[in-house]
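Peer 1: pasting the structure only:
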């Protein structure tokens, strides 16, 4: 077993570069007006309308390498392995899994853990840091991530967040999706449908009240254990367990699927109106980075 918690600073770098805000997704085309040719507005917000982030993040990495060299340290610019592996593909605000996904991936939890570990393990800078003495390691991390005082976020590091406009728009996208989802979850019609789902899950032995939180809470102990101490057998066990639950989830969703999609579509209409500016900015960023190739 490999103690991955000793690589916390590397995980921070991954979080800055491929944060859980969104999965990288380069397959969709993006029009100049910021709207992709296909996909619901919710799907488009998740994928940032098909924006390919690799060029932008490599520019950030190369700037970090120059900055670190000026401070007397080596830093190798890289794009983390697994960064382009999509998370669970979601097409609707109701967050319904696509057909066939659960059979192989469950809820995608083990996949995400493996992608994160692969990103850390493939970081070419870990051997650079490990070769330094403890004092120089601390100086290296301060130079790269910035120095934190009194619990405040680190300031002044060479590894800065990507394009500020991109960072702002990802935050806006996340906030819009959270607000839209909260409106959906509070809708009396949704509450009734989720009650049907919960009762169905209970007949299979799963006491899950809220589909959006109970499932993650159910698997939290296994995931936290793997964050603290990586164990291949533990990942296999997690994937097996989540596939088992996910197949029941799919079965219980089947009876309410059409009603959920219709309800979500009504809430997505408001989201579309609110998200227009975000999608427009993504179109501008796409043009900016396409032009710089």
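Peer 2: Everything's here; your move. None of the values given here were measured: they were computed from a predicted structure. Numbers count the residues shown, from 1 in each chain.
Peer 1: this protein: strands as residue ranges?
Peer 2: With DSSP state E as the criterion, the chain has strands at 146-147, 155-156.
Peer 1: and these, which is most packed in?
Peer 2: Of those, the one with the most neighbours on average (mean count of other C-beta atoms under 10 Å) is strand 146-147, at a mean of 14. Glycine gets a C-beta too; all of them are placed from N, C-alpha and C.
Peer 1: give the pairing partners of that one; include direction for each.
Peer 2: strand 155-156 (antiparallel) (DSSP bridges).
Peer 1: run the chain-centre distance for the partner strand.
Peer 2: With C-alpha atoms, centre = their mean, to the nearest Å as the basis, strand 155-156 stands 24 Å off its chain's centre.
Peer 1: ok, now stretch 253-271?
Peer 2: With C-alpha atoms, centre = their mean, you get 23 Å for stretch 253-271.
Peer 1: what comes up buried for that stretch?
Peer 2: Residues 253, 256, 260, 261, 263, 264, 267, 268, 271 are the ones in stretch 253-271 that count as buried (16 or more other C-beta atoms under 10 Å).
Peer 1: re the thing from before, mind checking which of the strands of the chain is nearest residue 216?
Peer 2: Closest approach to residue 216 among the strands of the chain (C-beta to C-beta): strand 146-147, 30.3 Å.
Peer 1: quick one: the helices in the protein, in order.
Peer 2: Secondary structure of the chain (DSSP state H): helices located at 8-17, 41-46, 54-70, 101-105, 109-121, 126-130, 134-145, 164-186, 188-203, 214-228, 232-254, 257-291.
Peer 1: by contact count, what packs against the third one?
Peer 2: Judged by 3 or more C-beta pairs under 8 Å, 6 or more residues apart in numbering; DSSP states H and E, helix 54-70 is in contact with helix 8-17, helix 134-145, helix 257-291.
Peer 1: and it, how far out from the chain middle?
Peer 2: Mean-position distance between helix 54-70 and its chain equals 22 Å (C-alpha atoms, centre = their mean).
Peer 1: could you do the fourth one as well?
Peer 2: Averaging C-alpha coordinates over helix 101-105 and over its chain gives two centres that are 18 Å apart (C-alpha atoms, centre = their mean).
Peer 1: now for residue 185, how many residues are close by?
Peer 2: 17 (other C-beta atoms under 10 Å).
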